[in-house]
Every structure is written in C-alpha cells, then in structure tokens.
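*Asks:* Coordinates for the following, if possible.
(3 chains)
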Amino acid sequence: MSAGTDLATRRDAGPGVLTVRGLSVAVGNIALVKDVDLTIGPGERVGLIGESGSGKSLTALAIMGLLPEDVSATGSVRLAGVDHELIGANERALSRVRGRRVAMVFQEPMTALNPTMRVGAQVAEAMLIHHTAPDHRHARAAAVALLDQVGLPDPALAARAFPHQLSGGQRQRVVVAVALANDPALLICDEPTTALDVTVQAHVLDLIVAGVTARNSAMLFITHDLAVVATVCRRVLVMYGGRVVEAGPVGDVFARPRHRYTQGLIGAADLDAVDVSGRLATIAGSVPAAGAFPAGCVFRNRCAHASWLCTTSPAWVGPDSAEGFACHHPAGVQDRGVRDV
Amino acid sequence: MSHAHADALPPPTGGARVARRPNPSLVVGGAAVACVFVMALVSFVWTPYDPTLVDASRRLLGLSARHWLGTDKFGRDVFSQILMGSRTTLFVGFVAVGVAAGIGVPLGILAAMTPRRLGELLMRGNDLLLAFPALLLAIMFSAVYGASTLTAMIAIGVATVPSFARVIRSGALQVMGTQYVLAARSAGRRPFAIGVHHVLPNVSSLITVQASVSFAIAVLAEAALSYLGLGTAPPTPSWGRMLQESQELLFITPRLAIFPGLAIAVAVLGFNLLGDGLRDRLDPRLEDHR
Amino acid sequence: MFEHRAAIRVRDLTRDYRRSRTSLLHPGATVHAVRGVSFDVQAGERFGIVGESGSGKSTLLRLLAGLDRPTSGSVVIDGTDISRLPERRLRFLRERLQLVFQDPMSSLDPRMRVRDIIAEPLVAQGIGGRQGRVGELLAAVGLQPEAANRFPHQFSGGQRQRISIARALAPRPRILVADEPVSALDVSVRAQVLNLITDLVQDLSLTLVFVSHDLSVVRHVCDRVAVMHEGRIVETGPTREVYDHPQHPYTRELVSAVPSLGRALAAASAADARVTGAGTAPAGTIEGEPR
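*Replies:* Presented below is the predicted three-dimensional model:
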C-alpha cells in the first residue's frame, strides 16, 4: 500500500516525459475527447484501452498534432525536452518534434511505408531529416544496424528491399525501426500488432518492448486487446465516450475493476466465462454515436447500476491521474489505498 | 425466439456528420452550366430577334440597346444566335454523352465481369477505338452521311466510348472484388442481376463524373466540327460556326469571335468544374463519416 | 451407434492458382492454396477452422460454398458432390448453405437498403413472402423493424454483422459458414454477436463452420476444430483436446503465441513482487487464475 502510493505521488509531482492536462478534442461543437489527464515518466509503459468511439486514437493524434483539419484540440500537452506547448503549435515546430522526440507506430504497416522507396532509405531518411546522422553514409550504416536490431534476417540485403517484397511482420519491424531511429523519448503505438498474424504478433511485441527498454523511452500503447496490454504495459488507462473512466496498475485494474464499464469489458473479453446456457457476458446496448453520449456519466445508459445520481458527472476518485476511477457506483469494496465514495 | 440482443438504432441521420464545406468547383461549375441551360430554355420562348433572319441593311452593327451584342456580317443578331446556339451545344452534348455512356458503360461492366482473358481482349479493342481521333471519325462519317448535327453527335459519341469503358471497367472491377458481390453470388444471384443491381449503382458516381467531363469535350468537339464545316449546317445557329464565320473579320470586328468563343469557354469550363466538383462530392470514401 | 450422414464431406481437396507472368519465357509461379484437405462435418456440429493468413482457409471456404472450383478432390454437401457442378445446378446449394463474411463494412452493398440486402437471397431464389420474412429476421437478430429502410452506413459494425447474419438466414439454410465474423468487431460487440450466433445455431439446429484466426473465439464456439497451415490441415480434434494437448508443432506454436490475459497478469504480478521487494505487500495481488 505504501509503496503504491509513493510511486503514484512521485509520478505526478516530477516532470514526466509526457504530461497531458485537460486534453479535449472536438469537431464543430461535438466533443470527441473530454478532459484527459495523463502523465508518463521515463521508461514507463502505459496502456490506453478502449473500443471504437472511445477517443483513444484521437488522443494519440492530438498529442502528435496529427488531427484532421476540421478537428480541434484544447488543453495542454508537454513533452520533455520541448520548451513549447504542443497543442496549437504550428506545423514547422511540430515537424521538428515528430520523429525525433516522439514517434508513432500505426496499425497498417503497408500504408505507413512509402511503396516506392527502399526500406533502408526510409529508415535513413528519419535520421537525415532530424540530423541525427552526420551524412548519408553514416545514416545508411545506422539504418542497417537498426534493421538488424529489429530482427530482420540479412539486414544489409533487407535494406535494399521495397516494402511489398517483405511480409507484414517484417514491414512492421521496419516501421518500428523508423520510429526508434532517433531514440525518441516517447513512443506511441496505435494497435501495432492488430493487423498481424498471432505468431508474428508476439515477436513484434517483444521487439517493441525491447526497443523502448534499451532506450529508456516512455511508451503509450493503444489497443483494444486486453491480453496484449497486460503483456506489454505496467499501467493502464481505460477510455469510454471520450473520457478516461479508470486508471491504475494493470494487475489491479484487470483483477479488480472499479468502473462498471471496465468490469463489463473484462467480463465480455473473457471467452471462458459463460453462463449456464453457454453465453458470454455482455454490456447491454451499444456505443452511441459521437455527440449522442448521455449527459453526466457517459456510461449510464448502458449500466445496470445507474441511478439518478449518475445524471451528474462522477468526480475522479484517486490520488492522481494515473490511478483511480470516475464512477458513482463502483464495483468491489476492497480498499486499494483509495478512499471509497 | 427472442434474444436479449435488442439494439437501439442510431438516429436517422446516422453518425456524426461533419458538415461539408460547399465545394467551389461544384458551385462555379454548376452556375456556369445552369447559365447555358437557362439560355437554351429561354431561347424556346423568346429571342430578341429571329437569329436566322438575314438583313443586309443591319450588317456589322456594334453594341447597342437594340442589338445587345451587335450583328454579324449577314445582319443577324448576335445575342439571339448565342441564345439559340446554346440549344445545339446542349443537344450535341447530351446525345454524344448518351451514345458514349450507352455503349461505354455496358462495355466496361461486361469487361469487368467476364473472365480475365476476354476482358483484356475487349479492352484492347477499346484501345484501338481510343487511338482514332474524334475528328477523323467525324470527317469519315460526314463523308459518308453528309455533314449535319446528327453525324457530329454520333461521331463524337463513338469517339468518347473508350474513355467511359476504361473508367467504368476499373470501377466495376473494384465492385466485383467486394464481399457484398461475393455474398450476392452465394445467395444465388445470376451474373446479369449482379451487374444490374450491384455493379451499376455502385459505379453510378463514376458515370456522373465521366459524363460531366465528356460533356465538356463534346461541346468543344462540336465547335471544332462546326468550325470545319462538318457539323451543324446553316442556318441553325451554332457557336462553332459563328467562330468560323467570324474568321475573315477577326481583326476588324473581333467581337464576332469573342462572344461565341466566350460562350464556348464558359460551357466547357462549367462542365469540367462540375465534373471535378461532383467527383469530390460523390467519392465513396468521403461518404463514410463514422 | 449408427452413423450420421455427414453434412459436409471433403476429400483430398486441392486448389492451385497460377500467378501472373513476370517473365516472357516462364509461366507464372503456381500457388498451392489448398493442398489435399480432407475432413467431415456432421449435421448439427459446430466445426472450427483455425489458420493464419496464407493458410488457405479463405480459399477453402469458397470451395465449400461453391464459389470456386477445386483443381482436384471433392466437396460433398448433403450427399451431392458440388465440386464439378455448373452454376445452374448449384441452386440447391444456395438455399442450403449460406455465408457470413468478415468485414462488416464491405459485406453489405452501400447502395442498397437493409430490407433489400436481407431479401436478396429470397429474390435470387424466387422465394415469396419477402416482407414478412425480413421483419422476422430483423427481430431474430435483435434489430428494430425501422432498420429495414436504412442504409448500411447508418449502422455500427456490430449491427452490420447482425444484418449480414439476417441475410444469411433468409433462405432457411441448414449450413452456416462464417468467415471471421467477429474479427473486425470490438470486444464487447464481439461477445454480443457470438452470443447471437450460438443462439441462432442452437435454435435453428444449424450446422456451423466457423473460420477464424482467433483461437480463443473458435474455442468458445466450436465442438471440433481443424488447424490449417500452408494449405494443409495439420491437426483435427475436439477443441478442448487440441488446445490443451496440441500434437502438431505448428498447433503448439499457435497456442503458445496467443496472448493470454491470465498468463500476462500472472507474469505482471510476479514482476511486481520482485520490484516492491519482500516484506511489502505488492500493490495488486492476483489470486490464482485458472487457464
């Protein structure tokens, strides 16, 4: 208990690699993400779980400044080593940060790589843009070394290959190499292994974890797959309806979820937990369209425990943004060092 | 059999629809095309003067309150000719595009739905036709059937078939690769029914765009043919022929070339912009807002 | 014990493709998508086919559904060999076997209304009473009647899969073949659609062939499973057996590669215990998680 709280207060107090405060994303006057607080320290691996419509991908895009034109972000995003606010920064300032201080790995490796450029050149390009390699020769050599690090067989030959000549898993390894080329302080991964075969998935996940550990980079890992997040991350945040509804160490959140959505999600994810007629646990109803979420608690129209109290937004119950939940009728009564409502 | 699966339906407008900004191409193009249509419609009801009326006493008059755009070398009112000439332009455009689509669309769909070898063969035949310049075709037709609006239309139409067939074929190939066509096949739908009920509706936006662009080409082609004397025969007003007739007086009375030239330019630009705007508007990738 | 007539009987099925030429002199390479596959599916059974990309499972499905011709071998459905029949003789198959596809986005014609999509098999097979049947089917898959007039893009992924299922059930098939029906869906939606499928299969006494790359899903849904790898079936058996005691090395690799929540959490808590040191209760202790 005491060890847990010490870690928690240290996290929020010290300068994290990534500090997000009150991040909100909207299109027109429809809120897509509301009031997200998030801190990641050096070397930490934090997971962001949610389903479609939860706003998890938008959060990542907002951090990178990659939101589409008609979508706007407010709040604060600060990155260690960058002296200006990232929200609202102009494209020039952002392009100096992207690929250098923060890098992103997306889901689809084929569209993330330029099909007309050899993969070695693409890795080298990342270094040349940000001047982390003195010249072309060094960049090319460093690229081959990186391709070796990410486990491509015969890296010198692989460097001369085009993306379509590689398999899906190999392409994703190249994408990881490009992302880690400049030793970013923060790596953001958005469903990096969802499009891969399960046998390849395990290797690529190991690779990503090894890569960030070697560089002591922080990582924000976004996915809908609970097992993957439990494998890769130590801390997790759960998003629903554009809000963070629960956060905490992975073991705690999954074994003893407090928010009713997290509870429902974990129940539905467990394919072994069936009732007498062999049916899986489900969350009633379906995710509303953006802008159609209920006022007050965003989950109340699907929650079996909702009451009149839930028409008001639940306050965050927890020591900091890294641990806690926002629910008027949370599950479980076990004390985790958090005061019950 | 009741299951506790009941799902609330989304509101009738569905997902978060991001309001699309009005597309400038669509607006400007639409306006220009509308002008041409209005001119044609008006010409059925009223023109200031009879555009075919020759009046030697009123030759080459300048802009005035009586003759808004002046008169030509035969004394015919220019404005009336422009008004009525728009009919020819539209007529030729519609018939030419109609012929091109009528042949090109089924050809394209057929080429996409038949086995690869046959499809390729059809496309090579298509390429042969593409290699024929429209003008050459028109000259051939005119030589055989005599110069008239009709021969101009058919010649232009036939010459536009290849571009339709190509575009529609590539769109149809995409549709044939979708899972819903596979589902239709597994439901037992015959190939002809699949072509009509699945392929055709899903390439309709391509057809619309291609038609707009082809219309512009047809307008220009008709003007060229009339200029060469192979299109609309006098006394029916035609913008292209007005250009030809103004040729000998180009440096004395440039306005006789400027007005029909401007009319042609507006029509062509209008249809091109409309086509571009529609392409952006109807792009299926932009339709999905979820 | 008397022998049930197998609903599906596949023997030595092969499908080769020729790739397009890359040189003038040599013909294109041959891809052996399905290599000598044999298996039986009993009537009323829930049979799973597990494989990764490139395993040939999608090709196998098309061969089962009569949407493709095998290079050699036979597919016998309810006693009739469909592998050499021309399309017009496959009418009986179209009413007996229906498919549910993977991608909820592209398996429904975006230009058709839901009622036309669901009624399509009835139209194609000349079955009447369409309006009533569409209403029935919408209710069976848990959608409101108003859904009939809408277009696919107005629905979520899970709802589109329900529409897909309704369409497949329209001609009252006896065999349902599902190709990754829940792979593109969110976790909570997946649970709902899986429940729907298992309920319908049960209520209508359907034979189910369920294809997926996701072992945990197949394990939940199916009685027996076949594991496919590079065009061949490498192992078959009751699902529990195959998962708990995989015999073939590929099956073993597959089973061990699946990230399991239980294993991950156990590893996490062990690491926690190391970090916080002895004598301090770790922030989260996990009771033994059965797997």
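*Asks:* List, one by one, the residues from the stretch 151-290 of chain B near chain C.
*Replies:* B:178-180, B:182-190, B:193, B:197-198, B:201-202, B:204, B:284, B:287-288, B:290 (Cβ under 8 Å from any Cβ of the partner chain). C-beta coordinates here come from the backbone N, C-alpha and C atoms, glycine included.
*Asks:* ok, residue C:56 - contacts?
*Replies:* By Cβ atoms under 8 Å, 6 or more residues apart in numbering or on different chains, the contact set of residue C:56 is C:15, C:33, C:34, C:35, C:37, C:228, C:230, C:231, C:232.
*Asks:* out of those, which are inside strands?
*Replies:* Under the assignment DSSP state E, the contacts of residue C:56 contribute C:15, C:33, C:34, C:35, C:37, C:228, C:232 to strands.
*Asks:* between these, which is nearest chain A?
*Replies:* Nearest to chain A out of the ones in strands among the contacts of residue C:56 is residue C:228 (Cβ to the nearest Cβ; 12.5 Å).
*Asks:* Among the contacts of residue C:56, pick out the one closest to residue B:32, please.
*Replies:* Top of the list for closeness to residue B:32, among the contacts of residue C:56 and by Cβ to Cβ, is residue C:33 at 53.7 Å.
*Asks:* wait, doesn't that closest one sit right on residue C:16?
*Replies:* Yes: using Cβ atoms under 8 Å, residue C:33 is in contact with residue C:16, at 7.0 Å.
*Asks:* list the contacts for residue A:148?
*Replies:* Contacts of residue A:148 by Cβ under 8 Å, 6+ apart are residue A:155.
*Asks:* Report the buried residues of the host helix or strand of it.
*Replies:* Counting by DSSP states H and E, the element that carries residue A:148 is helix A:136-149. Residues of helix A:136-149 classed as buried: A:139, A:140, A:142, A:143, A:144, A:146, A:147, A:148, A:149 (neighbour count, 16 or more other Cβ atoms under 10 Å in any protein chain shown).
*Asks:* For the helix or strand just after it, C-alpha coordinates in CSV please.
*Replies:* Sequence order places helix A:155-158 as the next helix or strand after helix A:136-149, per DSSP H and E. Output of helix A:155-158 as CSV, limited to C-alpha atoms (Å, rounded to 0.1, in the frame of the first residue of the first chain):
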residue,chain,number,x,y,z
PRO,A,155,19.8,-6.7,-42.8
ALA,A,156,22.1,-5.4,-45.5
LEU,A,157,20.1,-7.1,-48.1
ALA,A,158,16.8,-6.3,-46.4
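*Asks:* so what does the helix or strand just after helix A:155-158 touch, helix or strand wise?
*Replies:* Per DSSP H and E, the first helix or strand lying C-terminal to helix A:155-158 is helix A:168-180. In terms of contacts (3 or more Cβ pairs under 8 Å, 6 or more residues apart in numbering or on different chains; DSSP states H and E), helix A:168-180 is packed against strand A:102-105, helix A:109-112, helix A:119-129, helix A:136-149, helix A:198-215.
*Asks:* switch to 7 Å and redo it
*Replies:* With contacts taken as 3 or more Cβ pairs under 7 Å, 6 or more residues apart in numbering or on different chains; DSSP states H and E, helix A:168-180 sits against strand A:102-105, helix A:109-112, helix A:119-129, helix A:198-215.
*Asks:* could you say what helices and strands the second one packs with?
*Replies:* This means helix A:109-112. helix A:168-180.
*Asks:* what sits up against the helix it packs on?
*Replies:* Contact partners of helix A:168-180, identified using Cβ atoms under 7 Å, 6 or more residues apart in numbering or on different chains, comprise A:103-105, A:109-110, A:112-113, A:119, A:122-123, A:126, A:146-147, A:150-152, A:163, A:166, A:187, A:192, A:195-196, A:200, A:203-204, A:207-208, A:211, A:215.
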